[in-house]
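> got a predicted structure plus its sequence, pasted below:
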Amino acid sequence: MGYTIRQIADALGAQVLGDDSIVIHRPAEPAAAGPDDLALAMDPKYAVGLGQGRARAAIIWNGGDWRGLGLEAAIIVPRPRYALAGLTRLMDPGPQIAAGIHPTAQVDASAEVGVGAAIGPFVVIGAGCRIGCDARIAAHVTVAEGAELGESALLSPGVRIGPRVRIGDRFIAQPNAVVGGDGFSFVTPDKSGAERARETLGDQGQITAQSWTRIHSLGSVVIGNDVELGSNACIDAGTIRPTRIGDGTKIDNLVTVAHNVEVGRDCLFAGQVGIAGSTRIGDRVVLGGQVGVVDNIFIGDDVIAGGGTKILSNAPAGRVMLGYPGTKMDTFLDGARNIRRLPRLMEKVAELQKAVSKSERDD
């Protein structure tokens, strides 16, 4: 399906220059763009690519000379990356899931399926489930008993939704995401070495052999509206109360949110983030890749943690953090610079020690 330049510009709320009737079938990088493509030349550094490609139309930077660039039409956007979000949304057809319920799907007789829902091959929907209107469920998805899925949700192939999970509208889960699996909760008959080490900051005390006993998860998961999960992301069920994810939060691939965690609105967690149990996270918190968060702490609103940060204690609202242990970013960077200076400092100290020793011998 094609879109005219005018349709694309209207969808982006952008300015059009030149022939707005040109039909576009796909976006492309400037050097690879053909006559039916929309070249994405949103910065002057892409001008050379436009000369190498065959695009007739492009999204260009504000002030760019579209005629001089050899274009027949141009779209001007004030914030290119934000425009890219709108363009890809317009041109993404989404997965092809036939309307209705596929013959191979197993839908329990007590489940409620909303109007316009599309349920793909080999899907299993358990007893008492509620599937919202216009939801799309791809192949090999399982929705366990008592789960609720909101309107216009999209579950990609292999997604697993656990029992009694409640999910809001416009939820998106990428392949193999899991919501509502048991939390990682185990206990020993007597106090374990790990507990003693945590209390003493290192001493296990007397070591005794003990086996681990499971604490079952009864609390399930509650997820708000407009939440997205990446591939293989896992949201564990709470032990007694539910694990909660607030409206608008986006969670990347391979992220683990453990049992009893509470996450606020509009948070952003990059790949391989791990959040331990019973931690509370405020609104608009951003965690870079491989950030680790220990259990039972609080992270305030608008905290930003750079990639690899390990947050080991409460973080106040608005704090920008980096490092292990996580500290203020400027403090960490000052420390890193000082570490790089240590070899020279040690050389100077050694020279001073020699000078002092020689002076003492001379005396």
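Received the coordinates, thanks. This one's a predicted model, so the numbers in the text were calculated from it and none came from an experiment.
> residue contacts, the closest residue to residue 156 other than its chain neighbours?
What sits nearest to residue 156 in space, not counting adjacent residues and going by Cβ to Cβ, 6 or more residues apart in numbering, is residue 175, at 4.6 Å. (Glycine included, C-beta is placed from N, CA and C.) Contacts for residue 175 (Cβ atoms under 8 Å, 6 or more residues apart in numbering) come out as 156, 157, 158, 159, 231, 232.
> cool, and residue 324?
Neighbouring residues of residue 324 by Cβ under 8 Å, 6+ apart: 308, 309, 310.
> can you classify it by secondary structure?
Following DSSP: H, G, I helix; E, B strand; the rest coil, the label given to residue 324 is coil.
> how near is it to residue 343?
If you measure residue 324 against residue 343 using Cβ to Cβ, to the nearest Å, the figure is 22 Å.
> state the pLDDT value of residue 197.
Residue 197 carries a pLDDT score of 88 in this model.
> check the contacts of residue 175 and tell me the two furthest apart.
For those, with distances taken as Cβ to Cβ, the pair at the greatest spread is 157 and 232 (12.4 Å).
> any common contacting residues for these two?
Counting by Cβ under 8 Å, 6+ apart, the shared contacts of residue 157 and residue 232 are 175, 176.
> for the protein, give me the ranges with low pLDDT.
Along the chain, segments meeting pLDDT under 70 span 360, 363.
> just give me the longest helix of it.
helix 329-362 (DSSP state H).
> thinking again about what came up before, the contacts of residue 324, buried ones only, as a ChimeraX selection?
Buried residues within the contacts of residue 324, by 16 or more other Cβ atoms under 10 Å, are selected in ChimeraX with:
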select :309,310
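> domain assignment for this protein?
Residue ranges for the structural domains of the chain, counted by automatic domain parsing, are given in the record as 3-91, 328-362.
> among the contacts of residue 324, which are located in helices?
Secondary structure from DSSP H places none of those in helices.
> tabulate the contacts of residue 324 (CSV), appending distance to residue 276.
Converted to CSV, these look like this (distance: Cβ to Cβ, whole Å):
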residue, distance to residue 276
308, 16
309, 14
310, 11
